[in-house]
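Chemist: curious how this folds, go ahead:
(2 chains)
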Amino acid sequence: MVNRNKKIETGETMQLEILRYNPEVATEPSFQMYKVPFYEDWSILDAVNHIKNEIDGTLSYRWSCQMGVCGSCGIMINNIPKLSCGTFLRDYYPNKISIEPLDGFPVEKDLISDIDDFLTKLTDIKPYIIRNKGEEKSLDEGEYRQSPAELAQFKQYSMCINCMLCYAACPVYALDSTFIGPAAIALGQRYNMDSRDQGREDRQELIASHEGIWECTFVGECSAVCPKDVDPAAAIQRAKVSSTIDWFKDVLIPWRKKK
Amino acid sequence: MSTYLKPVPNTWWLKRKPYILFMIRELTSIFVAGYCIFLLILIFKLGEGSSSYSNFITTLQSPTSITLHIISLIFVLYHTITWFNLTPKILVLYRGEERISQRLVAGVFYFTWTAVSVVVAWLVLGF
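Modeler: Here you go, the predicted structure:
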């Protein structure tokens, strides 16, 4: 909950325009205006919590950690996907703030999106270490060793919190939801580049498919909105390069032994 | 339960500046391809003999042709600069644990570009 003792009083108010949708009473969403007190240290999430607690208990939205690690409070703030816990009223004061559910996903109610499509894609990409049959270590054999240089290869891509801001920023995903999308491909790439992993071939069928990397036109907004600097756009382009190299190898050295 | 999916209008790319810049970048490819076709025509005219070539050069000196060339130049420059700036994202190089700076990677491209341009200008203008 908001710590009421730490508010920095200003005596001012701000206007929040929130897109509401209730499938039981309407077929389309519509905006509703709320007036909230303006505090210097309030995030957008604090303001939305204030609306829920003090003004309108029917407002639905997702949130949890309030510190930018759980990835559940992503919404469109003035048309840009952002974590509402990491975006502050003071950066918009005194202008009106427009709040909508994440672009590209079906809306269930108010700011709550149906994220099943993303979760399916995330599972399909096999985001875990895969070892060749017979090459798995048993527990008493200890861990798979890795050098700091090997860790550096994929560390950036492992910072993803599955907040889906990158999907909401991606016009390709909005136009064609069969696209595997930025976060899932970046996570696939994260495991492909992990020296302990041997599952690249397993993931390649999906990553190098038409719905995978080749659907991407490198708009680059996924990386611009990422709150964890994962840079999924770069991950996708690098996967394009290595898939192209694979293709040339297959054509030039057809007898090449596949792993 | 019925969900609502916001339709995407054809004007989606006008909604935000990064999308507009992206669309311009995609559009520049037409000018790059167009100039390649122009160069092929130039070579074809050269093959037809010196009178055909010099007639072609005269038509190129018309204001319409010069305007088209200037427009193409602007788009091709935009194309080159945007792609050079994106290259270090794809070309990720490591020196041990440390990633080689993105500026250095892009810098190599800009340096090579300038060097090649100087050589071409020297050949064409004959310093």
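
Chemist: span of stretch A:75-87 from start to end?
Modeler: Between the opening and closing residues of stretch A:75-87 lies a distance of 10 Å (C-alpha to C-alpha, to the nearest Å).

Chemist: need the contact partners of it.
Modeler: Here stretch A:75-87 makes contact (C-beta atoms under 8 Å, 6 or more residues apart in numbering or on different chains) with A:43-45, A:48, A:61, A:63, A:65-68, A:71, A:73-74, A:92, A:97-103, A:111, A:163-166, A:168-169, A:225, A:227, B:15-16. Every C-beta, even on glycine, is put in place using the N, C-alpha and C of the backbone.

Chemist: can you pull out the strands in the stretch 51-200 of chain A?
Modeler: When secondary structure is read from DSSP state E, counting those that start in this stretch, the stretch 51-200 of chain A shows strands at A:74-77, A:80-83, A:97-100, A:107-109, A:112-113.

Chemist: for the ones you listed, which one sits closest to residue A:198?
Modeler: The closest of the strands of the stretch 51-200 of chain A to residue A:198 is strand A:74-77. By C-beta to C-beta, the value is 33.3 Å.

Chemist: what pLDDT, on average, does the closest one get?
Modeler: Looking at strand A:74-77 alone, the average pLDDT works out to 98.

Chemist: what pairs with it, and is each one parallel or antiparallel?
Modeler: On the basis of DSSP bridges, the sheet neighbours of strand A:74-77 come out as strand A:80-83 (antiparallel), strand A:97-100 (antiparallel).

Chemist: so what touches the last one?
Modeler: The set of residues that contact strand A:97-100 without belonging to it, under C-beta under 8 Å, 6+ apart, is A:14-19, A:31, A:44, A:48, A:75-79, A:84, A:89, A:111.

Chemist: apply 7 Å and report the result again.
Modeler: Contact partners of strand A:97-100, identified using C-beta atoms under 7 Å, 6 or more residues apart in numbering or on different chains, comprise A:14, A:16, A:17, A:18, A:19, A:44, A:75, A:76, A:77, A:78.

Chemist: which among those residues end up buried?
Modeler: When burial is judged by neighbour count using 16 or more other C-beta atoms under 10 Å in any protein chain shown, the buried members of the contacts of strand A:97-100 are A:14, A:16, A:18, A:19, A:44, A:75, A:76, A:77.

Chemist: and the second one, how far is that from chain B?
Modeler: Spelled out, it's residue A:16. Distance of residue A:16 to chain B, computed by C-beta to the nearest C-beta, to the nearest Å: 19 Å.

Chemist: and that residue, helix, strand or coil?
Modeler: Using DSSP: H, G, I helix; E, B strand; the rest coil, the secondary structure recorded for residue A:16 is strand.
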